[in-house]
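Participant: quick one: sequence plus predicted model below, questions after.
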Amino acid sequence: MAHDSLVDALVNRLRDDVLARRYPAGSRLPPERDLAASYGVTRTSLKHALVRLAQAGLVETRHGVGTVVLDYRRHGGPDLLPMLLTHALGDGADDRWLTEVFEVRQEVGAVVAARAAAHRSADQADALRAQMAAVTSARDADAAQLAEAEVHRMLAAAAGNRVYELLVNSLLKAYLEVRSLFRAPFADPAVAGARLAPLVDAVCAGAPDAARTAAEAYLARTRELMLGR
């Protein structure tokens, strides 16, 4: 197995063990030599995996102490969302994360759409229409899904607040890493584009209230199709 793939797999296993509280917040992980042996990997691979978990806010390596498990609800940020969503899709995992990610996606998306309608430029409106057409004319579900994700990035850019852009980036990163599981709304790209049209039309028309309503309806419907509920 390639080293990167091995580290990816190790990150996933350690993440699941931390989130499942096999290693509770405040506890120390076993010494690196023992931990590497328990997962059947080298210490080098383990070190790479621990760096990634530290970047996500799950652990912290302290000099003279070892690697300590953090309370991710205090130390984690939006970059942890991809890990949490992947964990939520695992067997026996806490699927509330899945529900909560989609809730925030809908709430943030509605605010972003309303702001985009109020602040978008003529050039941004033209670009949004062109991107919606790219969804409709996509060659397959995967291409339509990626084209639709770009619509949300463009809406965030049009909203006139860079913090919303970063929030949307975090939500999209969480979603796109497991997008193959959520392809149902894009099985027919033409239908997907038609479903998206009221949202884009409202933003391009400069109608914030209509854009908010359209975004809520669109995101609620895609959520139903993605989750089957």
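Facilitator: Good, I have the coordinates.

Participant: quick one, helices of the chain?
Facilitator: Ranges of helices within the chain are 3-19, 32-39, 43-55, 72-75, 81-88, 96-119, 122-136, 141-158, 162-176, 189-204, 208-227, based on DSSP state H.

Participant: now for the last one, which elements pack on it?
Facilitator: If you count contacts as 3 or more Cβ pairs under 8 Å, 6 or more residues apart in numbering; DSSP states H and E, helix 208-227 packs onto helix 96-119, helix 189-204. Placement of C-beta: from N, CA and C, glycine included.

Participant: for this structure, which spans come out with low pLDDT?
Facilitator: Applying pLDDT under 70 to the chain picks out residues 1-4, 90-94, 229.

Participant: show me it divided up by domain.
Facilitator: Using automatic domain parsing, the domain ranges for the chain come out as 3-76, 81-227.

Participant: so what's the most centrally placed residue in the chain closest to, chain neighbours aside?
Facilitator: Taking Cα atoms, centre = their mean, the centroid of the chain lies closest to Ala174, which sits 1.7 Å from it. With sequence-adjacent residues excluded and distances taken as Cβ to Cβ, 6 or more residues apart in numbering, Ala174 is closest to Leu81, at 3.8 Å.

Participant: so who does the one you found touch?
Facilitator: Applying Cβ atoms under 8 Å, 6 or more residues apart in numbering, we find Leu81 in contact with 101, 170-171, 173-174.

Participant: distance check, it against Ser170.
Facilitator: Separation of Leu81 from Ser170 (Cβ to Cβ, to the nearest Å): 6 Å.

Participant: one step back: I'd like the helices and strands packed on helix 208-227 as CSV, with mean neighbour count and distance to Ser137 appended.
Facilitator: Output for those, formatted as CSV (neighbours: other Cβ atoms under 10 Å; distance: least, Cβ to Cβ, whole Å):
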stretch, mean neighbour count, distance to Ser137
helix 96-119, 19, 23
helix 189-204, 20, 7
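
Participant: with distance to Leu219 as added columns, please give these in TSV.
Facilitator: Shown next, in TSV, are the helices and strands packed on helix 208-227 (distance: least, Cβ to Cβ, whole Å):
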stretch	distance to Leu219
helix 96-119	4
helix 189-204	9
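
Participant: so which of those helices gets nearest Leu166?
Facilitator: Nearest to Leu166, of all the helices and strands packed on helix 208-227, is helix 96-119, at 11.1 Å by Cβ to Cβ.

Participant: how far off centre is that closest one?
Facilitator: Relative to its parent chain, helix 96-119 has a centroid offset of 12 Å by Cα atoms, centre = their mean, to the nearest Å.

Participant: just stretch 176-193 next, same as before
Facilitator: 15 Å.

Participant: what does stretch 50-62 give?
Facilitator: 19 Å.

Participant: flag every buried residue along it.
Facilitator: Residues 50, 52-53, 56-59 are the ones in stretch 50-62 that count as buried (16 or more other Cβ atoms under 10 Å).

Participant: can you redo the residues you listed as CSV with distance to Ala220?
Facilitator: Output for these, formatted as CSV (distance: Cβ to Cβ, whole Å):
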residue, distance to Ala220
Leu50, 39
Arg52, 34
Leu53, 34
Ala56, 29
Gly57, 30
Leu58, 31
Val59, 36
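
Participant: that concludes my questions; thank you for your assistance.
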